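Enquirer: show me the folded form of this:
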Amino acid sequence: MRTGVCMKCGLEIHQRLEGRKLFCDCPGDSVGGKALSEISREQHIVLSELGEKDRAAQFEGGRERFFTYQLFDNNCAVEMDEEPPHPMNSDALDAVLTISLLLNSKPLDEVHVMRKTVIDGSNTSGFQRTAVVANGGSISTKHGPVGIQAICIEEESAGIVEEKSGTATFRLDRLGIPLIEIATAPDITSPEHARETAEAIGTLLRHTGRVARGIGTIRQDLNISIEGGARVELKGAQELAMLGEIVQKEIERQQKLVELKPRISKLAQGQHLKIVDATHIFAKTSAKLMRKGIDSGQKILGFKLFGYAGILGTPLGENRRFGSEVSDYAKRAGVGGIIHSDEDLKKYGMSDGEISELRKALDLSASDSFILVIAEEAKAKKALELAFMRATISEVPEETRKVLPDGASSFMRPLAGGARMYPETDVPPVRISEEKLATIRANLPKKPEERKEQLLSMLNPELAQKMMKSRNLHLFERLLETGADPTIIATTLEETLVSLRRAGVEVEKVNEEKLRELFEEHVKGLFVKSAIPDIITNASKSSDSIRAIVSSLNLSRISGASLKKLAEKEGNDLKAVMAKYRLRVDAKELAELLQKKK
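Expert: From the prediction side, this is the model:
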């Protein structure tokens with residue numbers, strides 16, 4: 001997937017950390033479940049430390065929304081913004097320092113917490129707490145090193161549930177979970193390189209054993225620009241496999257907008273917004289959308305775009321047109337979208353007479369376009385103002401955009417700037433001492449490339465690759481301390497437990513302590529490896545020791561002189577012995593015994 005254009009691309013990796021929340025003692029690993037109660041909030045803009053208002057915050061503030069928050073059993077007064085934050089979670093900070101050192105980043109002498117203005121409802125306080133921990137460093141890729149600009153520690157946001165009628169509902173169970181944010185330099189040169197970089201950073205994070213695992217615990221934001229375009233932030237890319245396609249589609253979108261620039265630039269200066277009420281034209285309409293709006297007391301308002309015929313219908317990518325960009329802006333006022341003249345108006349059920357009357361009311365010539373909105377009057381006017389603003393911007397605008405399921409994106413808000421930041425006065429700076437860094441350096445986990453080499457020295461390539469990506473990797477390494485065969489440990493964790501879980505066995509009840517006991521007894525020769533599934537199945541239902549379980553199941557290993565007698569009894573026939581005693585006899589030992597008899 002080659003772009004053939006000059007592009008700049010950087011990544012922001014957001015990964016949840018394990019443990020309690022960042023500024024309180026609530027657990028960070030209990031996301032989910034049923035809400036216990038609700039609270040409501042409204043939010044407004046505040047000035048930055050320089051006395052400025054951030055443009056993204058101003059845009060969100062203009063939407064005039066009301067926010068409802070669902071509370072869960074892992075919430076306290078801190079998440080409700082009714083109590084000051086507690087001291088920063090030192091374990092989470094140590095995890096970020098560990099990752100920083102693995103990326104060869106330089107930790108700061110002091111960590112100063114800042115408030116980042118966010119009034120889209122994703123935080124009850126109207127801001128997100130964030131702090132730079134380290135600068136510099138790099139991650140290696142096949143396409144060359146990608147620089148690291150900054151590594152931060154910050155709060156996870158609340159999760160959106162739904163938005164309707166000017167009210168947005170959020171879940172507070174994930175709010176305040178510690179995140180590490182890793183921002184790369186714009187060194188990424190292609191869609192494939194973006195995916196490779198994200199995968200390399202994600203692998204390093206997982207191999208520290210300090211990050212959360214599972215769907216939604218990691219996401220990638222992309223910052224992309226092309227020559228003649230603008231920096232655009234794409235938020236919410238969760239699927240690694242989609243990254244290349246997301247980058248490619250944004251490049252194509254900006255290319256098309258650059259191509260449109262001369263036409264819009266020529267026409268935009270002569271435009272002025274004149275909103276026309278066209279409700280009366282559809283008073284007796286059979287068009288369902290118009291009929292529904294009028295019957296519910298809504299207005300049908302619109303405006304003219306001089307000379308814009310064909311522009312709104314210009315394709316910007318698969319299933320996206322310039323009209324889609326304009327509609328995205330209008331939607332931020334709370335409307336469902338727009339209707340414009342480059343569409344097939346018959347699909348809405350409009351009659352030829354209604355279309356003719358509409359064009360007359362808007363004073364349209366054949367070279368003009370129009371945009372309509374159906375909504376309550378105030379909301380419709382706000383939507384049309386936003387639509388007009390976007391329709392007359394000739395440059396590629398700097399925006400924050402939401403990644404859509406197909407890899408395209410839609411407008412969220414203008415790109416935020418430095419005006420959204422101001423100091424957090426409730427959390428004191430945290431000093432990073434040389435002693436702390438020395439302790440962390442002395443206990444750094446292995447880097448992925450070191451771990452891969454180690455795994456290949458003890459496992460076959462297929463099992464080593466599976467173990468590299470497994471959430472059981474660190475458990476596997478701890479269980480190696482038992483002295484058991486690495487292949488048996490890995491196979492048990494990655495195959496046996498999976499198979500038993502699918503069969504309905506509650507393998508989660510067989511904890512690390514019990515698994516350690518299992519492998520220690522196997523090393524002592526208490527049972528053969530083929531008995532492991534039966535032993536684990538019983539251990540999931542019993543608190544007995546592994547030795548007691550083996551005894552109760554009559555699975556003690558038959559070996560040595562006892563195996564010799566058993567073989568003679570069965571006519572020294574390997575197949576006959578294994579058919580009857582598969583769970584008690586080691587096939588290799590039996591084969592060697594029978595070989596000596598020949």
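Enquirer: helix or strand: which one has residue 39?
Expert: Following DSSP states H and E, one finds residue 39 within strand 37-41.
Enquirer: packing partners for that strand?
Expert: Counting contacts by 3 or more Cβ pairs under 8 Å, 6 or more residues apart in numbering; DSSP states H and E, strand 37-41 packs against strand 66-71. Backbone N, C-alpha and C define where each C-beta goes, glycine included.
Enquirer: may I see the buried residues of the helix or strand just after the strand it packs on?
Expert: Once strand 66-71 ends, the next helix or strand along the chain (criterion: DSSP H and E) is helix 90-102. By 16 or more other Cβ atoms under 10 Å, the buried positions in helix 90-102 come out as 92, 93, 94, 95, 96, 97, 98, 99, 100, 101, 102.
Enquirer: helices or strands next to the helix or strand just after helix 90-102 in the packing?
Expert: Downstream of helix 90-102, the next assigned helix or strand under DSSP H and E is strand 106-107. For strand 106-107, the packing partners by 3+ Cβ pairs under 8 Å, 6+ apart come out as helix 90-102, strand 127-135.
Enquirer: what comes into contact with stretch 31-40?
Expert: 66-74, 80, 124, 171, 173-174, 177 (Cβ atoms under 8 Å, 6 or more residues apart in numbering).
Enquirer: could you redo the last one with a cut-off of 10 Å?
Expert: Stretch 31-40 is contacted from outside by 16, 66-75, 79-82, 124, 156, 159, 161, 167, 169, 171-175, 177, 212, 214, 216-217, using Cβ atoms under 10 Å, 6 or more residues apart in numbering.
Enquirer: just the endpoints, please. Distance across it?
Expert: Terminal residues of stretch 31-40 are spaced 20 Å apart (Cα to Cα, to the nearest Å).
Enquirer: repeat for stretch 114-126
Expert: 13 Å.
Enquirer: okay, the helices and strands packed on strand 106-107 in JSON lines with distance to residue 548 next?
Expert: Formatted as JSON lines, the helices and strands packed on strand 106-107 follow (distance: least, Cβ to Cβ, whole Å):
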{"stretch": "helix 90-102", "distance to residue 548": "37"}
{"stretch": "strand 127-135", "distance to residue 548": "49"}
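Enquirer: residue 247: which of these is closest?
Expert: helix 90-102 (24.3 Å; Cβ to Cβ).
Enquirer: which helices and strands sit right next to that closest one?
Expert: If you count contacts as 3 or more Cβ pairs under 10 Å, 6 or more residues apart in numbering; DSSP states H and E, helix 90-102 packs onto strand 7-16, strand 106-107, strand 110-111, strand 127-135, strand 146-155, strand 178-184, helix 191-208, helix 434-442.
Enquirer: where in the protein is the helix or strand with the lowest mean pLDDT?
Expert: helix 55-61 (a mean of 73; mean pLDDT, DSSP states H and E).
Enquirer: just how off-centre is it within its chain?
Expert: Relative to its parent chain, helix 55-61 has a centroid offset of 24 Å by Cα atoms, centre = their mean, to the nearest Å.
Enquirer: got the contact list for it?
Expert: 43-48, 53-54, 116-122, 126-127, 329, 332, 386, 398-400, 412-417, 419-420.
Enquirer: got the angle for the longest helix seen in the chain vs helix 191-208?
Expert: For the chain, the longest helix by residue count, based on DSSP state H, is helix 243-268. Inter-element angle recorded for helix 243-268 and helix 191-208: 130 degrees (by axes from the mean of the first three to the mean of the last three Cα atoms, to 10 degrees).
Enquirer: mind listing what the nearest residue to residue 142 once chain neighbours are set aside touches?
Expert: Counting by Cβ to Cβ, 6 or more residues apart in numbering, residue 142 lies nearest to residue 196, which is 6.3 Å off, once chain neighbours are set aside. By Cβ under 10 Å, 6+ apart, the residues touching residue 196 are 139, 141, 142, 143, 146, 188, 190, 240, 243, 244.
Enquirer: can I get those residues in CSV with distance to residue 484, neighbour count and pLDDT?
Expert: What follows is those, written out as CSV (distance: Cβ to Cβ, whole Å; neighbours: other Cβ atoms under 10 Å; pLDDT from 0 to 100):
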residue, distance to residue 484, neighbour count, pLDDT
139, 34, 23, 97
141, 36, 20, 95
142, 36, 8, 93
143, 40, 14, 90
146, 39, 26, 97
188, 43, 27, 95
190, 44, 18, 92
240, 33, 15, 88
243, 39, 27, 94
244, 41, 19, 93
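Enquirer: from those, which single one is nearest residue 552?
Expert: residue 240 (46.0 Å).
Enquirer: where's that closest one relative to residue 473, distance?
Expert: To residue 473, residue 240 is 18 Å away according to Cβ to Cβ, to the nearest Å.
Enquirer: and residue 78, by the same measure?
Expert: 33 Å.
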